[in-house]
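S.K.: Sequence and predicted structure below; questions after.
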Amino acid sequence: MSPEDLAAVGLRLEIEGPVATVTLDRPDVRNAQTPAMWIALRELGRGLPDDVRVVVVTGEGETFSAGLDRAMLDPSTSGQESVVGLLALSDEEAAARIDEFQGGFTWLRDPRFVSIAKVRGYAIGAGFQLALSCDLRVVADDAKFSMKESALGLVPDLTGTKPLVEHVGYARALEICATARVVPADEAVRIGLALAAVPTGDLDAVVADLAASLIAPMPGVVPETKALLQGAADRDLDEQRRLEREAQVRRFRAVAAAFAS
């Protein structure tokens with residue numbers, strides 16, 4: 001997608017060598033999200049260059065994302081697709097459209113790169129789920145997470161439920177989702193939602209250092225490792241051992257080829 005197309009839906013993409021930064025750029029509405037933004041994120045993910053090894057996702061200004069733009073719940077909203085517009089579709093059509101929206105989140109799990117959510121301020125609802133779609137979360141000490149969907153009579157549907165359970169366990173995930181309460185930065189670190197909480201002024205430097213560490217290994221190592229770790233909890237030991245063996249053979253050959261060149 002062109003920079004102009006991305007800007008039209010409130011997104012910005014910057015690529016510096018192997019690091020891509022995706023910025024939600026609607027600070028006037030606290031980076032609230034829309035269906036058009038989700039579709040654009042999906043296309044952005046599909047079009048990333050193959051040499052990108054780290055993707056940083058952040059929000060412009062003091063808030064990561066306030067979640068769904070409330071205008072998308074207003075039947076009078078015109079000029080773009082709204083969430084309430086799903087009511088005009090059949091159940092099957094509405095589910096298929098949500099599947100397309102979810103593609104704006106699932107690409108961040110691609111083993112080709114490591115994704116990092118750099119979170120300042122609020123990450124609410126869809127914002128929380130976007131952060132959960134990333135492999136890692138580094139947050140400012142003012143960060144606040146909340147799964148607000150239940151307060152609207154809805155459920156989280158942008159792929160956030162599985163990683164939330166994986167990070168904090170079923171009971172805590174249920175409590176966070178059902179009560180829609182705020183999880184502050186220090187608790188997010190304590191319960192496994194975030195790697196670290198740092199002073200706001202240090203956040204950019206800390207994430208830059210992390211990105212540099214992730215691109216330091218030989219190309220191919222981190223993607224193979226990510227692919228091994230993804231889903232490891234759902235595999236039996238024999239299957240995991242097999243995948244380790246196959247990955248290691250590929251790495252041996254890649255290292256040998258590098259030394260021979």
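M.R.: That came through, no problem. Predicted, not measured: the structure shown is a model, and the values here were computed from it.
S.K.: if you go through the protein in chain order, where are the helices?
M.R.: With DSSP state H, the ranges of helices along the chain come out as 3-8, 35-46, 91-106, 126-133, 161-168, 170-179, 185-190, 203-215, 221-229, 237-260.
S.K.: just checking, which of those helices sits deepest inside the structure?
M.R.: Each of the helices of the chain was scored by mean neighbour count; the highest is helix 126-133, a mean of 28, by mean count of other CB atoms under 10 Å. Using the backbone N, CA and C atoms, a C-beta is placed for each residue, glycine as well.
S.K.: For that helix, which outside residues touch it?
M.R.: The contact list for helix 126-133 (CB atoms under 8 Å, 6 or more residues apart in numbering) reads 24, 31, 33, 57, 59, 64-68, 105-106, 108-109, 115, 117, 119, 123, 137, 145-147, 156, 158-160, 163-164, 167, 193.
S.K.: avg pLDDT for that helix?
M.R.: Here helix 126-133 scores 98 as its mean pLDDT.
S.K.: from the chain's centre, how far out does that helix sit?
M.R.: 5 Å (CA atoms, centre = their mean, to the nearest Å).
S.K.: now that helix against helix 170-179, angle please.
M.R.: Interaxial angle, helix 126-133 versus helix 170-179 (axes from the mean of the first three to the mean of the last three CA atoms, to 10 degrees): 160 degrees.
S.K.: looking at it, residue 73 is touching residue 84, isn't it?
M.R.: Yes: in this structure, residue 73 is within contact of residue 84 by CB atoms under 8 Å, at 5.4 Å.
S.K.: thinking again about what came up before, which members of the contacts of helix 126-133 are positioned in strands?
M.R.: Of these, the ones assigned to strands by DSSP state E are 24, 57, 59, 115, 117, 119, 123, 137, 145, 146.
S.K.: distance of the last one from residue 213?
M.R.: Distance of residue 146 to residue 213, given as CB to CB, to the nearest Å: 30 Å.
S.K.: Now residue 103: closest residue in space, sequence neighbours ignored.
M.R.: Leaving aside its chain neighbours, residue 103 sits nearest to residue 42 (3.7 Å; criterion: CB to CB, 6 or more residues apart in numbering).
S.K.: quick one, what contacts the one you found?
M.R.: So residue 42 contacts 100, 103, 104, 107 (CB under 8 Å, 6+ apart).
S.K.: and what of residue 113?
M.R.: Applying CB under 8 Å, 6+ apart, the residues near residue 113 are 20, 48, 52, 53, 54, 55, 223.
S.K.: at 10 Å instead, please
M.R.: Residue 113 makes contact with 18-20, 45, 48, 50-55, 107, 135, 214-215, 222-223, 226, according to CB atoms under 10 Å, 6 or more residues apart in numbering.
S.K.: Tell me the pLDDT of it.
M.R.: Confidence for residue 113, expressed as pLDDT, is 98.
S.K.: returning to that earlier point: residue 141 is nearest to which of the helices of the chain?
M.R.: Nearest to residue 141 among the helices of the chain is helix 185-190; the distance by CB to CB comes to 5.1 Å.
S.K.: returning to what we had before: could you export the helices of the chain as JSON lines, including distance to residue 151?
M.R.: Putting the helices of the chain into JSON lines (distance: least, CB to CB, whole Å) gives the following:
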{"stretch": "helix 3-8", "distance to residue 151": "30"}
{"stretch": "helix 35-46", "distance to residue 151": "20"}
{"stretch": "helix 91-106", "distance to residue 151": "19"}
{"stretch": "helix 126-133", "distance to residue 151": "13"}
{"stretch": "helix 161-168", "distance to residue 151": "16"}
{"stretch": "helix 170-179", "distance to residue 151": "9"}
{"stretch": "helix 185-190", "distance to residue 151": "19"}
{"stretch": "helix 203-215", "distance to residue 151": "28"}
{"stretch": "helix 221-229", "distance to residue 151": "34"}
{"stretch": "helix 237-260", "distance to residue 151": "40"}
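S.K.: Alright, calling it a day.
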